[in-house]
Each structure stands twice: as C-alpha cells, then as structure tokens.
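K.L.:
Could you look at this predicted model? Sequence included:
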Amino acid sequence: MPRQLTARGRLTLLLTALVLAAGLALSVLTYLLMRRYLGRRTGFLSLTTTGGEPPPPPLPEQALAAGDRVAELALSAFLTQAAIALAVVTVLAAVLGRWLAGRILRPVRVIADTARRLSADNLSERVPVTAPADELAALATTVNGMLDRVQHGLRGQRLFTANAAHELRTPLATIRTAVDVTLDGRPGRDELIAMAHDVREAAARSQRTLDGLLLLARSQAGAGGPLGPADLSGVAGDALDAAARDIAARALTVDAALRPAPVSGRRVLLERMAGNLVGNAVRHNRPGGRIEVSTGVTGDGRSWLRVVNTGQVIDPATADRLVEPFVRGDGSRVHGEDGSGLGLSIVQAVVTAHHGTLRLTPLPGGGLDVTVHLPGGAGPPRPHPMVTTRAQAGGASGR
C-alpha cells in the first residue's frame, strides 16, 4: 500500500503546483504576444513622411527572410530561457513552500503533541494560544475549552463513582452485619424477624439509591420519553399534591402562584424535576415553615419555575455544591429522607437536558431560592388561570 502524503507534503505540492501553473501561463502568454509582434510582416515598409514625399521602395526578399529568421531565433531563445527560469522558480517554490507549510502547520503539531501527552491521569496541560487571533488561535482556544470540560466532567465522574460506591456499600454492610449477628447464636423467631426488617430497610435504601442513579443517568443522556408539550404550572401543581401529606405533617404554609408556563420537553423528567424541588423544600424546611411555588413566562418567552423555602442558613460560597450528588452545600455528606441524596443533581441534569438554566440563591434568614428557566414551548399555552393560594398544613396546592 503506497504511503500517503502528510498534510505538509500536500500543502507543499499545492503551493508548488500553483507557482508552476502561474509560470506556465505567464510564459505562454508572453510567447504568444512576442510571436504576434515579431511575425507582423508586409511586402514593404509603410512609412508616412511629412511634406508629401513618396514612400520608400519595398525591401528585398532577402531582407524579409532574414527578419523572419531573427524572429524565429528570438522566440526559440525565449522558450529555452523561459523553461530554465520556470524550472528554477518551481524548485525554489517547492523549497519555500515546504518551509511555509511547516510554519503554517506548526500550531497544529503543537496541538497534536499536547493531545498525545494527555491521559486520564494528566489533563492539566493546555495548548498555548499565540498571537495573532487567527483561525489557529481560535482552534487552540476551542481545544483548551474542550479539555476544561473533559477534566471537569472526569473529576465529577470520579467523585460521583466514589460517592455512589460508598452509598451502596453502607446498606450492604448493614445487611451483612445483621445476618452475621443473627447467625452467631441460635436465633429465635423475634431475632429473625428483626433481622428481616433490617435487611428489608437496607435493601430498600439500596434500591432508592440505584433508582436515583438510573434516573440521573437517563436525565444526563436526555432519555426520558419523546418530546412533547408540557406546562410547568401543571407539573408543579402535581408535585404539591404528591407532597401534601408531608406538608401537613410538618405544618408548612404553602404559597402557590401558578401561571401558565408552556415548555417542550419530556414530561416524565419534568415531573421528577418539580417533584425533587418540592420534596427538597419540604424535607429541608423547619417545622411550621413556608414554601413558595410559582411559575410563569419571562418577557423573552422563557418559562420559569421557582421554589422558595425556609430552613437552615446556607453559605452562599458553597451553594453551587448543592447540585453535587450526596453532598451538602457545606461539603458534608447528605442523605435525604428518601435515602438517595440525588435530588438537586437530578434537577440539574433535567434542566441541562432541556437546555435550561438552574439558579440557587441562599436566603439571608435561612432557606433556599431555586429558580429554573427553560425554553418556552411552541404554540399558545393551555388555559390555566393564575391562582394564588395560602395553604396551612398541606392544604390546596394552588391549581
């Protein structure tokens, strides 16, 4: 199999071919113009004199033949000299073209060498961005941005894997401990029943964690059923209805202002997003606290869902860590009452899959203000009157 030319070789051949073609065209055009000029001959010299003098007599045939011979020799000499000059220029063009191609492709080689040195354990190196800000500088900037995203994603994946392994190891250790303690002696019926309860609780916790991990993976992949019209006011109202028992148990006050907020998305994921936001607002609230849920459309046509709750004071500097799996805003590990610790991580994945934005704002007096913005849906929203409701202890959800 013949060896293929490199990019530098192809660029050199292209530049050389362009110089050769331009030289040939120039030589041919010059030859044709010279031939036309030298080949112009008549039977006599037509000279116009002043004063009405008669023209000179015609030149003899020998003189005309000598002129033709001189013209032929001049054209032949021109072709020879032009061929030599064209060969020299072509060789110089090949040499200079190879040097120029190397200079042009040097940043590409730097990018390739940097990418070759990178690995899963070394993602800190970056491609140098040189002046001027041309296409190659833009390429280097794009590659560096891609490396930043890959490094961030890999770091998050490692942290997520470690946390997930820890979360799954804990219930398994509980199951093994319960079985070992029970089997050390002669267990009676009460001991076996107690062990069965412990095993069932640990298994249920593992199942909730696995379900959360599966939904998080599906959300990050954007797999949650076909796209279709939905309304954030509807999914928020459903989430409030689902949490009504927990809201009543904690004696929480609910303020709901649900205006139409049409979106185009996967309803299953949107329902889980709203359910997690309302569930977090309930679980991380103080007894007798307050929850505000509102939806609507911004002036530029984006739909929004906002959930505000009272609760513990959150450090604004660590608020962004709330979307990390199994981690609190202060860096400590967190287990929700559902045992998954993936609530806001799933919300972030759903929002990203729908090309939206998520904003977390800690409140000075304690609690969190969570706002989701999603692209508005096509077509007019379904009729849904604005409802503002204050409900004590899990009353109406405001729909």
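P.N.:
Right, received. Where do you want to start? Numbering: from 1, shown residues only.

K.L.:
the helices in this protein, which residues?
P.N.:
Secondary structure of the chain, counting by DSSP state H: helices at 7-38, 61-117, 135-183, 189-221, 232-242, 244-249, 267-283, 343-353.

K.L.:
The second one to helix 135-183, inter-axis angle?
P.N.:
This means helix 61-117. Helix 61-117 runs at 20 degrees relative to helix 135-183, counting by axes from the mean of the first three to the mean of the last three CA atoms, to 10 degrees.

K.L.:
that older thread, could you dump the helices of the chain into JSON lines with mean pLDDT and mean neighbour count added?
P.N.:
Just so you know, the C-beta spots here come from the backbone N, C-alpha and C atoms, and that holds for glycine as well. Below are the helices of the chain laid out as JSON lines (pLDDT from 0 to 100; neighbours: other CB atoms under 10 Å):
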{"stretch": "helix 7-38", "mean pLDDT": "87", "mean neighbour count": "14"}
{"stretch": "helix 61-117", "mean pLDDT": "82", "mean neighbour count": "13"}
{"stretch": "helix 135-183", "mean pLDDT": "77", "mean neighbour count": "14"}
{"stretch": "helix 189-221", "mean pLDDT": "75", "mean neighbour count": "16"}
{"stretch": "helix 232-242", "mean pLDDT": "92", "mean neighbour count": "24"}
{"stretch": "helix 244-249", "mean pLDDT": "92", "mean neighbour count": "16"}
{"stretch": "helix 267-283", "mean pLDDT": "89", "mean neighbour count": "23"}
{"stretch": "helix 343-353", "mean pLDDT": "83", "mean neighbour count": "24"}
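
K.L.:
Tabulate the ones you listed (TSV), appending distance to residue 375.
P.N.:
Formatted as TSV, the helices of the chain follow (distance: least, CB to CB, whole Å):
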stretch	distance to residue 375
helix 7-38	41
helix 61-117	34
helix 135-183	22
helix 189-221	17
helix 232-242	12
helix 244-249	30
helix 267-283	12
helix 343-353	11
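
K.L.:
I'd like to know which of the ones you listed lies nearest to residue 124.
P.N.:
Closest to residue 124 of the helices of the chain, according to CB to CB: helix 135-183, at 7.4 Å.

K.L.:
chain center to the closest one: distance?
P.N.:
20 Å (CA atoms, centre = their mean, to the nearest Å).

K.L.:
Show me what it is packed up against.
P.N.:
helix 61-117, helix 189-221 (3 or more CB pairs under 8 Å, 6 or more residues apart in numbering; DSSP states H and E).

K.L.:
now for the first one, which elements pack on it?
P.N.:
Pointing back at helix 61-117 there. Counting by 3+ CB pairs under 8 Å, 6+ apart, helix 61-117 packs on helix 7-38, helix 135-183.

K.L.:
Walk me through the domains of the chain.
P.N.:
Domain assignment for the chain, taken from automatic domain parsing, gives 7-44+56-117, 149-221, 228-392.

K.L.:
May I see those domains arranged in a markdown table, with distance to residue 135 as well?
P.N.:
A markdown table is the format used below for the domains of the chain (distance: least, CB to CB, whole Å):
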| stretch | distance to residue 135 |
| --- | --- |
| domain 7-44+56-117 | 10 |
| domain 149-221 | 21 |
| domain 228-392 | 28 |
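
K.L.:
Figure out which of these is closest to residue 138.
P.N.:
From the domains of the chain, taking CB to CB, the stretch that ends up closest is domain 7-44+56-117, at 10.7 Å.

K.L.:
End to end on that closest one, go ahead and measure it.
P.N.:
21 Å (CA to CA, to the nearest Å).

K.L.:
Residue 376 and residue 89, how far apart?
P.N.:
Distance, residue 376 to residue 89, using CB to CB, to the nearest Å: 63 Å.

K.L.:
Tell me which of the helices of the chain lies nearest to residue 290.
P.N.:
By CB to CB (comparing all of the helices of the chain), the closest turns out to be helix 267-283, at 9.5 Å.

K.L.:
how close does residue 139 sit to residue 115?
P.N.:
12 Å.

K.L.:
now residue 323
P.N.:
Taking CB to CB, one finds residue 323 at 30 Å from residue 115.

K.L.:
what's the answer for residue 91, then?
P.N.:
36 Å.

K.L.:
what's the closest of the helices of the chain to residue 294?
P.N.:
The nearest among these, by CB to CB, is helix 232-242 at 8.3 Å.

K.L.:
Can you pull out the residues in contact with that closest one?
P.N.:
With CB atoms under 8 Å, 6 or more residues apart in numbering as the test, helix 232-242 has contacts from 247, 254, 256, 258-263, 267, 270-271, 273-275, 277-279, 293, 295, 303-305, 307, 372, 374, 384, 397-399.

K.L.:
Same question for stretch 292-305.
P.N.:
Residues contacting stretch 292-305 (CB under 8 Å, 6+ apart): 232-233, 236, 239-240, 254-263, 273-274, 277-278, 281, 306-309, 371-377, 381, 398.

K.L.:
Just give the closest residue to residue 323, not the sequence neighbours.
P.N.:
In space, not counting the residues next to it along the chain, residue 323 is nearest to residue 348; the distance is 4.3 Å by CB to CB, 6 or more residues apart in numbering.

K.L.:
now residue 372
P.N.:
residue 305 (4.6 Å).

K.L.:
where does the one you found land on pLDDT?
P.N.:
Looking at residue 305, its pLDDT reads 95.

K.L.:
same question, the one 4 residues further on
P.N.:
At residue 309, the predicted lDDT confidence score is 94.

K.L.:
where's it relative to residue 358, distance?
P.N.:
With CB to CB as the criterion, residue 309 and residue 358 are 16 Å apart.

K.L.:
Torsion angles phi and psi at residue 287?
P.N.:
When read as degrees, to the nearest 10, the backbone of residue 287 gives phi -60, psi 130.

K.L.:
What are the neighbouring residues in contact with it?
P.N.:
Applying CB under 8 Å, 6+ apart, the residues contacting residue 287 are 250-251.

K.L.:
if you set the cut-off to 10 Å instead, what comes out?
P.N.:
249-252 (CB atoms under 10 Å, 6 or more residues apart in numbering).

K.L.:
Got a quick ChimeraX command for the buried subset of the residues you listed?
P.N.:
Buried residues within the contacts of residue 287, by 16 or more other CB atoms under 10 Å, are selected in ChimeraX with:
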select :250,252
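
K.L.:
Great, nothing more from me.
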